[in-house]
Structure formats: C-alpha cells, structure tokens
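Novice: quick one: sequence plus predicted model below, questions after.
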Amino acid sequence: MRIFKYVFFCFLISFSALAYSNQSVLAENLDDTTPYSELDQLLAETFRIDIKEITVIFDYYPDDSYAEGKASIIFQMRLGQTIPLIHFDPALRYDSILKIKLNGENLNFYDISDIQVVEFEGSAQKAIEFQRNLPENIDHTLEINYRLFLPEDYPRFSPVVHDLQGRGNEERFPTLNSPEELCRHVLDFRVHGQKPYVFLGSGLVKKIDSLSTQHWRLETEQEVASYTVMFVLVPEEDFVYEEQEINGIPVRMAAFENGDSIDEAFAQLEEWLPELEENLGPFPMPRGLSVFLTSIYGGMEYYGAAISSLEALKHEVFHMYFGCSTVAKTYRDTWMDEAINEWYEHSVDPDFYSMSSSYVSNWVGGRSPISVGFDSRAYNEGSHIMQAVAERLGGRQEMIAFLSYLHLNYSFAPFTTFGFLDYLKSYSGIDMKNEFINWLYNGNADYPDYTDSYHELIKKDLRK
C-alpha cells in the first residue's frame, strides 16, 4: 500500500526488543531471540489469547445496508494469562451485540461482572475483556452474534482495513488486530436479495448451492493474520469479471464497468508475476490471486488478494511476498514490508542512494510495540535504509538473493526489525545494528525497558 493508500474498505508493529551487543548493551531479556523475552511477555499481557480458528457466517441484506454475523472463535490462553479478551470495534460504537457465549455460558455485554472494556497505554486499540478466569493449554470457544451497519451509498460488503492507520478486520468480525496473530479463517457469506452478486476473496473460495441465498465460503487454509483477509461482495451488473492463468498462477479480477482496464491490469501481471517468481521464489499464495480493481489511486494488499488501482497494482502484488506471507511481529515492524517493496521498485535506478550514515531518527523506536499502524516514512526513508543494506551486501542482485532467502526460510514466522538484522547477520556475517539504532531509534542503544511504560492496563466503561 502506498502512502496515500485509499481506505477502500482495506497491527501492532514491532521491533525485536533490542539486543544490542558492544558499547551500551541492552538487557538480555529484551532480546526477542530468548525463549520468552519481555517483548513476548508484553504481547502476551496485551493480547492474552492465541486464536486457532475464526468461523463466521455473514447474512448480508444489501437492500437494508446491514449484515448479521455469527462468529465462533476457538482459542487458548497465552502463557501466564487467565482473563481473555478480543477486539471487535462495532461493539464499542453501536448497539450491535445480539448474543455472547464463552464456553457455553451466556454473558451480558452491559454487565461489568461479565464484560469490561480495556485499554493499554501505548495503543489506540480498545479490547473487550471477559471477566472469567480460564486455564491454559485447552481450547476455549467464544461465540458472538451481532449486526453490522454498512454504508448506504452503495451496496458493497468488504473490509475497511488500513494498515498504515492500524485498522484491521476487527471492524467486521471478532479477532485480534495483531500481525503476529496467525489463525485459520472460515467465512461464509450469504446474500439475501434478488440482485446477482460477484464475490472475490482470499484463499479458497467455493460457491455453495442454495435456493434461498447467494452463498460463498472463504477458507484461508493457511493460518494468516486477520487483517490480511479480503472479501468483496458487489452487484454483478456493475462489474466486469475475468479469470486468466499467468505463469501457472490463477488470477481472478473484477473491475467497475467503464473503470480501470482489466486488460491493462492483466498485461502488468503478465510481466510482473514471472519476474517476482524468478527473483523471490514461487508465488506464495496457493490459490492464486484475486484483484478488485478500483479507479481511485492506491490500494491494500491481502492474503492472495488486493484491492487496488492500476497504478498501485504491482506494489500490492509484491506484498504477497513481504507483508502477507513474510510477516512482521508487531505493527511498528511492518515498516519493513513497505521499505522492501519501495526499495525493489526504485533500486533499478543506478542513482538510487542509500541512507546517510549521519541520519538519525526515532520513527520506529518512538512507537510502542503494542501500538497500531506505522510511520509513513517507511516508504521513502525506509527504502533508502534498505538500499544501505543492499550496498553492504554487494548490490541489488545480492539484496534480492537475501530477500529470497528470507522469504523462503521465514514465511509465516513473524519477526521483528532486529530479527531481520539477526537473519541478515546469519546469512552474510554483516552486522548493521549500530546503523539501525541510529536510523530508527534515535541512536539510543540504551533503549528503555518499554514494559515499565506500557504494561499499565486502564479499564473504563466506554459504552455509556
């Protein structure tokens, strides 16, 4: 997604808790390579649960601009945690909850002995906390029935994800808005209405025979971050839809009638997909690529899918490698996805310069590890930082070889900024921690123990 990413109904970003050896040394327990670091502890205290599977049945009523959801979340408690929580923003803004069950027990959303709303210092996210103590190492089930109120301007049902702002699919179903939280998704969409619809989505999509509704089932199969799951339901009469196979990759595309050209989009991909496969490895999305082509500049990448304009299409498809399969541990670490993407595009210019050794900033270190979104300097400044890495490796081709290695070995294994540097060092022997501390953490090797500042939990009744 580009800086002016369009919020076309499109994490917690991170950083490996600085293990900086030499000179001013950070405490060992802040190194995210330890078995259970303070970063892990902070993330566990903030997010509490590990989700195994999210299942949702959506009944969409386009004529009345709403959808009803029946969600079931299977999860386990994280190490040392007993009180579960979930992210689901519509519940905080509207009278949208119809029923909640935790392990079969009915809970009252408005009874603080059952449910409270919590915040964490350092994060803009609010969570719904369930006032029950649950044991570790066993599966628990949360069931929520709810209603979503959708925009009335056009009968479309799709995500409102915007990762630059840190908004994910907690706007559409109960989940955790965290890049490291990978789980399987099974989403059913049933359209109630006479007008035929087109459906595009992430992963495996099946049309289900039904006499009463138009019904599709989306399965990610792979465990993925919830904010990377795309679905788009739009009226068939307004769209052109086409399928092709490019380099053995199934590509499905829908575009508005008289909108951006599907032919031009396929022409781009006919060159782009083979190039990416040659440089970075086999296309990482087992079910191919689904594209919802828009006429408004910008886009958003998803797992095996994109909502994008023609101008941003190559950028969003590159994210299939970095952003949707090779993923960051926290939102503030996702600067790397954009930096790598922009570097790949601009480094074909022999005059593309690397970041100056005198540059000092704090646009990553200034964010909490549990914050959402990332700094827009990830695109420009970030790409020049990646050019500095490329020059240390020996040039563009050497950098591409390292990125291919990184993608091959660490896909769907979330890592931080300093994890990236550890992999760089193990791959090449090059240690760039000093430079990164200056460029991204204000030159502060004695980076403070953020757990002192950000562990504070604030409970409020925000529903009045």
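Specialist: Nice, thanks for sending it over.
Novice: distance of residue 323 relative to residue 196?
Specialist: 33 Å (C-beta to C-beta, to the nearest Å). C-beta: built from backbone N, CA, C; applies to glycine.
Novice: compare these two (neighbour count), which wins?
Specialist: Between residue 323 and residue 196, counted using other C-beta atoms under 10 Å, the more crowded position is residue 323 (25 against 10).
Novice: in contact with that one, which residues?
Specialist: The contact partners of residue 323, taken as C-beta atoms under 8 Å, 6 or more residues apart in numbering, are 228, 301, 334, 337-338, 341.
Novice: filter those down to the ones in strands?
Specialist: residue 301 (DSSP state E).
Novice: and the contacts of residue 323, which is closest to residue 99?
Specialist: residue 228 (28.0 Å; C-beta to C-beta).
Novice: look up the pLDDT of the spatially closest residue to that closest one that is not a sequence neighbour for me, please.
Specialist: Closest residue to residue 228 apart from its sequence neighbours, by C-beta to C-beta, 6 or more residues apart in numbering: residue 303 at 4.2 Å. The model reports residue 303 with a pLDDT of 98.
Novice: mind listing what residue 303 touches?
Specialist: 202-203, 220, 222, 224-225, 228-230, 285, 324-325.
Novice: how far away is it from residue 138?
Specialist: Distance, residue 303 to residue 138, using C-beta to C-beta: 28 Å.
Novice: helix or strand next in line after the helix of greatest length in the chain, which one?
Specialist: Longest helix in the chain, counting residues (DSSP state H): helix 262-280. Past helix 262-280, further along toward the C-terminus, the next helix or strand under DSSP states H and E is strand 289-293.
Novice: contacting residues for the spatially most central residue of the chain?
Specialist: For the chain, residue 227 is the residue whose C-alpha lies nearest the centre (C-alpha atoms, centre = their mean; 4.0 Å). Counting by C-beta under 8 Å, 6+ apart, residue 227 touches 11, 161, 163, 167-169, 177, 179.
Novice: now those in a markdown table, with neighbour count, secondary structure and distance to residue 48?
Specialist: Below are the contacts of residue 227 laid out as a markdown table (neighbours: other C-beta atoms under 10 Å; DSSP: H, G, I helix; E, B strand; the rest coil; distance: C-beta to C-beta, whole Å):
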| residue | neighbour count | secondary structure | distance to residue 48 |
| --- | --- | --- | --- |
| 11 | 31 | coil | 16 |
| 161 | 29 | coil | 22 |
| 163 | 28 | coil | 22 |
| 167 | 22 | strand | 20 |
| 168 | 31 | coil | 17 |
| 169 | 28 | helix | 18 |
| 177 | 27 | coil | 13 |
| 179 | 29 | coil | 16 |
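Novice: would you format the residues you listed as CSV with pLDDT and distance to residue 361 included?
Specialist: CSV is the format used below for the contacts of residue 227 (pLDDT from 0 to 100; distance: C-beta to C-beta, whole Å):
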residue, pLDDT, distance to residue 361
11, 27, 21
161, 96, 27
163, 93, 21
167, 95, 25
168, 96, 26
169, 98, 31
177, 97, 26
179, 96, 22
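Novice: any regions of this protein where pLDDT drops low?
Specialist: The model of the chain has pLDDT under 70 over residues 1-36, 445-464.
Novice: in it, which spans are helices?
Specialist: Here the chain has its helices, by DSSP H, at 38-47, 90-93, 262-280, 313-318, 335-346, 380-393, 396-410, 417-428, 433-440, 450-454.
Novice: looking at the ones you listed, spot the one closest to residue 370.
Specialist: Short answer: helix 38-47, nearest of the helices of the chain by C-beta to C-beta, at 4.7 Å.
Novice: other SSEs contacting that closest one?
Specialist: For helix 38-47, the elements it packs on are helix 450-454, judged by 3 or more C-beta pairs under 8 Å, 6 or more residues apart in numbering; DSSP states H and E.
Novice: re the thing from before, from residue 282, how far out is the residue nearest to the centre of the chain?
Specialist: 24 Å.
Novice: so which bits of stretch 106-117 are buried?
Specialist: Neighbour counts over stretch 106-117 (16 or more other C-beta atoms under 10 Å) mark 107, 109, 114-117 as buried.
Novice: save the residues you listed as CSV, and put in distance to residue 173 too.
Specialist: Formatted as CSV, these follow (distance: C-beta to C-beta, whole Å):
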residue, distance to residue 173
107, 18
109, 16
114, 21
115, 17
116, 21
117, 18
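Novice: what is the nearest of those residues to residue 419?
Specialist: residue 117 (32.6 Å).
Novice: isn't that closest one up against residue 92?
Specialist: Yes. Look at residue 117 against residue 92 with C-beta atoms under 8 Å: they come within range, at 6.5 Å.
Novice: need the distance between the two termini of stretch 208-219.
Specialist: 13 Å (C-alpha to C-alpha, to the nearest Å).
Novice: what's it in contact with?
Specialist: With contact meaning C-beta under 8 Å, 6+ apart, stretch 208-219 is reached by 59, 184-192, 196-197, 199, 201-207, 229, 231.
Novice: need the buried ones from these selected in ChimeraX.
Specialist: Entered in ChimeraX, the line below selects the buried ones among the contacts of stretch 208-219, by 16+ other C-beta under 10 Å:
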select :59,184,185,186,187,188,189,190,191,197,199,201,202,203,205,229,231
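Novice: which ones among the contacts of stretch 208-219 map onto strands?
Specialist: Those of the contacts of stretch 208-219 lying in strands (DSSP E): 59, 184-191, 197, 199, 201, 204-207, 231.
Novice: strands of the stretch 51-200 of the chain, residue ranges please.
Specialist: Counting by DSSP state E, counting those that start in this stretch, the segments of the stretch 51-200 of the chain that form strands are 66-77, 85-86, 97-102, 105-107, 115-120, 126-130, 140-149, 182-191, 197-201.
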